[in-house]
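Asker: The following block contains a protein sequence and its predicted model.
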Amino acid sequence: MTLPVSKSIAPDEGSYNFAYLDEQTKRMIRRAILKGIAIPGYQVPFASREMPMPYGWGTGGVQVTAAILGADDTLKVIDQGSDDTTNAVAIRGFFEKTAGVATTTSTEDASIIQTRHRIPEMALNSNQILVFQVPIPEPLRFLEPRETETRKMHALEEYGLMHVKLYEDIAKNGHIATTYAYPVEVNGRYVMDPSPTPKFDNPKIDNMEALQLYGAGREKRIYAIPPYTKVKSLDFDDYPFEVQSFDKPCGLCNAEGVYLDEVILDDKGGRMFVCSDSDHCEERRANGHLGPMAADPAATLLSGGTQEKGQ
Amino acid sequence: MSDQNNQEPLLQVHGVTRYYGDRIGCHDVDFQLWPGEVLAIVGESGSGKTTLLNCLSTRLAPTAGAIEYRMRDGSMRNLYELSEAERRLLMRTDWGFVHQNAADGLRMTVSAGANVGERLMAVGQRHYGKIRETATDWLDRVEITVDRIDDDPRAFSGGMRQRLQIARNLVTHPRLVFMDEPTGGLDVSVQARLLDMLRRLVSELGLSVIIVTHDLAVARLLSHRIMVMRHGEVIETGLTDQVLDDPREPYTQLLVSSILQV
């Protein structure tokens, strides 16, 4: 990151400031981010601004990205792991237009990755920043509706209630049925909601090399996990935390041990499982990995143009 | 009374006063409570019973006066000089609070088992099987059939909710339990069963209890000692049987004589 300099946009009244937000707003957000990094997992209130997109589309993540973006950064935006869905395309376009930064779909080339609910399969490095879009930052919210009370519970480290939720899961389903937004304890202190990422990604949060920033626009909260921070998923002694497992590899690139999306192929029960991380999948296919369904005409049709891009 | 060490009081209350603006909530209340003792606070509606109970249980700061409590380590501490963290820990481990309306004291959206287990998880128990075992045991002790353990309290009757609330409070073996009209709003047969159960639990566990009630029959059945309040003042205090059989104050005489005889 360097100091933001408007290069593609002339500083006349008709244009936006670099990365849409004005400099004082960005400073305010950066202060919140710094505080968040200083107290890992603590939800820092900030004066969230109206953004030119509806709540729920990543207004928090966009503000965080705007505040940390520099002119020489390369931005990647993913939505459920994919680079080519509406939310990802729109936000990428937004920053191309307002900041003129380079964008990419390659995880490796990106310096900032804004994500809605997935962490890329590829391990991130210490030169990268992962920005999460968070709908509801408060992990205790659905058990304790009062904000005054949940703040007090965080302050006094009263987290018994979080286990009440897990208890309910086991009592009603026989196992911990929470599969996303799975609560974690950060650095032995704050309990945090890692945004609705599948719990499959929780182990990646632990001791990650990249900085993780979480922005919740509607709820006006920013929190962070600094690099190399210990993050533990909550569980019971006799019901330890475990991630989802898939019995088949990716239908297109044959990858195992990755998070898969189910794709319905027809109305006769046909379905396939493909990588949720589209960049990872394309890269593997470009390197010659072929899944059992890659040659299937239906699958080739589905992956269509994106396959060329990876080659 | 129980066989605990009765030499030293568990709770000492000096001159507790609470004003609501110019109006008196309760005025200059002094008393001591010993381990294993059940104290009933009786009086008519608006006499300051609940205000006093809330002051004692740190839910409402008194305008003046001091309340001292003997902590588990034996030291006497002024409740309003404890840090908030200590106070909240006290409230969910060493104390219990039984609300008149069970919905106030329960988490209505989680199952009965989780309601009982919440305090255990709050003090750091992290073994599902053990938590469930304790919850099962406590449901049995308050006469709720064990097959209801995974039902929400919303599916329970008023009497069952009240018993569940009691189980939820007693699971950490508190030493002092506050009760605000625990039998209010229950029909007479359910009341009788609840009182029976309470009396058994109190003597089994050697609990100290401060119970607020307007029902003298409840006070008679449960309490060792009684305090009669009127207009925010304690007007008469003594052993329950003594006060109810031979009331000195005209107001107490009126209260006692107004009990419906069946």
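Answerer: In hand now; what should we look at? Numbers count the residues shown, from 1 in each chain, chains lettered A, B, ... in the order given.
Asker: from here on, contacts and neighbour counts on C-alpha atoms
Answerer: Will do.
Asker: Mark out where each domain of the chain begins and ends.
Answerer: Picking chain A for this. Following automatic domain parsing, chain A resolves into domains at A:23-137+A:179-231, A:260-310.
Asker: That was the other one, I meant chain B.
Answerer: B:3-94+B:174-257, B:106-173.
Asker: Quick check: which of the ones you listed has the most neighbours on average?
Answerer: Across the domains of chain B, averaging neighbours per residue (mean count of other CA atoms under 10 Å in any protein chain shown) puts domain B:106-173 on top, at a mean of 20.
Asker: so residue 51 is in which element?
Answerer: No chain was given, so I picked chain A. Taking DSSP states H and E as the definition, one finds residue A:51 inside no helix or strand.
Asker: look at chain B instead
Answerer: helix B:49-56.
Asker: next structured bit after that helix?
Answerer: From helix B:49-56, the next helix or strand downstream (DSSP H and E) is strand B:64-70.
Asker: after that next one comes which helix or strand?
Answerer: For strand B:64-70, the following helix or strand on the C-terminal side (DSSP H and E) is strand B:76-78.
Asker: gap between that next one and the chain center?
Answerer: Mean C-alpha position of strand B:76-78 versus that of the full chain (CA atoms, centre = their mean, to the nearest Å) differs by 20 Å.
Asker: What strands line up against it, and which way round?
Answerer: Sheet pairing of strand B:76-78 (DSSP bridges) gives strand B:64-70 (antiparallel).
Asker: what is the orientation angle of the strand it pairs with with helix B:49-56?
Answerer: Note on geometry: by axes from the mean of the first three to the mean of the last three CA atoms, to 10 degrees, strand B:64-70 and helix B:49-56 are set 60 degrees apart in direction.
Asker: So what touches strand B:64-70?
Answerer: Here strand B:64-70 makes contact (CA atoms under 8 Å, 6 or more residues apart in numbering or on different chains) with B:9-18, B:28, B:56, B:76-80.
Asker: what residues are up against the residue in the stretch 101-250 of chain A that chain B sits nearest to?
Answerer: Using CA to the nearest CA, residue A:160 is the residue of the stretch 101-250 of chain A that sits closest to chain B, at 3.8 Å. Counting by CA under 8 Å, 6+ apart, residue A:160 touches B:118-124.
Asker: Return the distance of it relative to residue A:112.
Answerer: Per CA to CA, to the nearest Å, residue A:160 is found 36 Å from residue A:112.
Asker: again with residue B:163
Answerer: According to CA to CA, residue B:163 and residue A:112 sit 55 Å apart.
Asker: Report the contact partners of residue 253.
Answerer: This is for chain A. Remark: with contacts taken as CA under 8 Å, 6+ apart, residue A:253 is in contact with A:274-275, A:281-282, A:284-285, A:289-291, A:294.
Asker: you looked at the wrong chain, it should be chain B
Answerer: residue B:247.
Asker: same thing with residue B:45?
Answerer: residue B:214.
Asker: Surely it forms part of a strand?
Answerer: No - counting by DSSP: H, G, I helix; E, B strand; the rest coil, residue B:45 falls outside a strand, being coil.
Asker: re earlier: pull the residues that contact the helix holding residue B:51.
Answerer: By CA under 8 Å, 6+ apart, the residues outside helix B:49-56 that reach it are B:16, B:18, B:25-26, B:41-43, B:60-62, B:67, B:178, B:180, B:210, B:212, B:229, B:232.
Asker: So which of those residues are in helices?
Answerer: With DSSP state H as the criterion, helices contain none of the contacts of helix B:49-56.
Asker: Give me the buried stretch members for the helix or strand hosting residue A:94, please.
Answerer: Using DSSP H and E, residue A:94 sits in helix A:86-98. Across helix A:86-98, burial judged by 16 or more other CA atoms under 10 Å in any protein chain shown covers A:87-89, A:91-92, A:94-98.
Asker: for the residues you listed, which one is nearest chain B?
Answerer: Here the nearest of these to chain B, counting by CA to the nearest CA, is residue A:87; it sits at 34.4 Å.
Asker: Report the separation between the closest one and residue A:116.
Answerer: Counting by CA to CA, the gap from residue A:87 to residue A:116 is 9 Å.
Asker: The domains of chain B into CSV, with extra columns for mean pLDDT and distance to residue A:62?
Answerer: Formatted as CSV, the domains of chain B follow (pLDDT from 0 to 100; distance: least, CA to CA, whole Å):
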stretch, mean pLDDT, distance to residue A:62
domain B:3-94+B:174-257, 91, 37
domain B:106-173, 94, 35
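Asker: rewinding a little: need the least confident one among the domains of chain A, by mean pLDDT.
Answerer: Per-stretch mean pLDDT for the domains of chain A is lowest at domain A:260-310 (a mean of 78).
Asker: Next to chain B in this structure, residues from the stretch 51-200 of chain A, please.
Answerer: Contact residues (CA under 8 Å from any CA of the partner chain) of the stretch 51-200 of chain A with chain B: A:156, A:158-161, A:163-164, A:167-168, A:171-172.
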